[in-house]
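A.B. asks: Attaching a predicted model along with its sequence, questions to come.
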Amino acid sequence: CDAALEAKGAAAAPEPEAAPEPVVAAVSEPVAAAPAPVEDLADLLRAARLGEFEATFAAEKVGVADLVEARDAGDLGELLADCGLKAGERARLKRELAKLRPVL
């Protein structure tokens, strides 16, 4: 009986090796889109939640370049105060301006 089992086992085809596991790439979380670029002063003011000052800045003929120049000269706070912005509003606009063009 044992001889019959041994003969049967020897005659059986060897089992094929298991196929390797497929490689699955890890899915990364989507990267948050960068904020839309600020195109002009109106965009900058809206980003700082100060859209109501668009007419004021237009009347004073103040643009983004003027804000950058005043910031670089250290006069930005005074310019914004002259345009009627309160301290918290000036701080918000300064933060948005820093995002637009960091001080070099």
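C.D. replies: Arrived safely, thanks for sending.

A.B. asks: contacts, neighbours, all on C-alpha from now
C.D. replies: Will do.

A.B. asks: any low-confidence regions in the chain?
C.D. replies: 1-16, 18-19, 22-39, 101-104 (pLDDT under 70).

A.B. asks: In it, which helix is the longest?
C.D. replies: Using DSSP state H, we find that the single longest helix of the chain is helix 87-100.

A.B. asks: quick one: buried residues of it?
C.D. replies: Across helix 87-100, burial judged by 16 or more other CA atoms under 10 Å covers 89-90, 92-94, 96-97.

A.B. asks: And for that helix, what's in contact with it?
C.D. replies: 37-38, 44-45, 47-50, 68, 77, 80-81 (CA atoms under 8 Å, 6 or more residues apart in numbering).

A.B. asks: Quick check: PyMOL command selecting the buried ones in those residues.
C.D. replies: Buried residues within the contacts of helix 87-100, by 16+ other CA under 10 Å, are selected in PyMOL with:
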select buried, resi 38+44+45+47+48+50+68+77+80
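
A.B. asks: from the contacts of helix 87-100, which is closest to Ala59?
C.D. replies: Distance to Ala59 across the contacts of helix 87-100 (CA to CA) is lowest for Leu80, with 13.4 Å.
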